[in-house]
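[1] Dropping the sequence and predicted coords here.
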Amino acid sequence: MGGQAGAAGSRRVSLWVAVALLAVLAMTVLYVFIPRHANLASFDPKAMGQLETAMWRHYYEKRYVALARDLYDTARLEQGFSPWDSVRIAFAAASAAGTFQPTTSRSAAEKALPSLETYFGLLARAAPVKVDVGDAARTELAWWQARREAVPPEEYGLMIARVTSLLYGVSGEDVQRAGILRAQAMDYRDAHGTNMTEGDWATIAEALQRSYAMLKAALTKAQ
């Protein structure tokens, strides 16, 4: 009898452990996959500037795993995407950057376009306007290439502003200034090359924070 009671007790414990594990698994699945009400305009300018600075640094150091983590944090923390969608966004963006970086011609750079289309397609779900995903991807790739071809930042900054307009549905002087400021920050990094110091990265972070503050102001005016 005692053996039977012990066996029954053991089965009950095993059952409760299994139920607990299933509950944890269910909660994990819900947390990771349940859709969130993501919003591209919900970002904090200071946090976005810091995250983008980290992205640039990791990109030039060819630390793509770290870059993907920064992209994940941007999508998850600043734009409100689900963990699963944040992973997909980070992978698509990192894949586009990794594909583009070693290319040496416009035709080769086109290989990054499918990943960019995936990236903008995911972002479009949280955009306040209907996004022409193909146009956004092509314009993004165009300014990447323009920068590589030593086009002045004041010119490709307007391409950056156009991508912003496609995603957010806003335009005007603040949006253009924000795009040009980002481009000028990129030009600053390019001018310093491999001689970037911590102070230089801090200068870039401050410029990017101002750029995102301008965009936030434009979005607030448009509401």
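    Noted; the coordinates are in hand.
[2] Quick check: buried residues in the host helix or strand of E206?
    Applying DSSP states H and E as the criterion places E206 in helix 198-222. By neighbour count, and taking 16 or more other Cβ atoms under 10 Å as the criterion, the buried residues in helix 198-222 are 201, 203-205, 207-216, 218-219. (Each C-beta comes from the backbone N, C-alpha and C, glycine too.)
[3] Need the residues that contact it.
    With Cβ atoms under 8 Å, 6 or more residues apart in numbering as the contact definition, helix 198-222 has outside contacts at 41, 43, 45-46, 48-50, 52-53, 56-57, 164, 168-170, 172, 174-175, 177-179, 181-182, 184-185, 188-189, 192.
[4] Relative to D44, how far out is P153?
    The gap separating P153 from D44 is 25 Å, by Cβ to Cβ, to the nearest Å.
[5] More neighbours: those two, which one.
    More neighbours surround P153 than the other of P153 and D44, with 23 against 15 (other Cβ atoms under 10 Å).
[6] List the contacts of the closest residue to the more buried one other than its chain neighbours.
    For P153, the nearest residue in space outside its immediate sequence neighbours is A183; the separation is 3.6 Å by Cβ to Cβ, 6 or more residues apart in numbering. Counting by Cβ under 8 Å, 6+ apart, A183 touches 143, 147, 153-154, 156-157, 160.
[7] what about the residue nearest the centre of the chain, is that helix, strand or coil?
    Nearest to the mean C-alpha position of the chain, counting by Cα atoms, centre = their mean, stands L71 at 3.9 Å. Following DSSP: H, G, I helix; E, B strand; the rest coil, L71 is assigned to helix.
[8] Quick check: L123 touching V131?
    Yes: when contacts are counted by Cβ atoms under 8 Å, L123 is listed as touching V131 (7.4 Å).
[9] what touches both of these two?
    With Cβ under 8 Å, 6+ apart, L123 and V131 have common neighbours L167.
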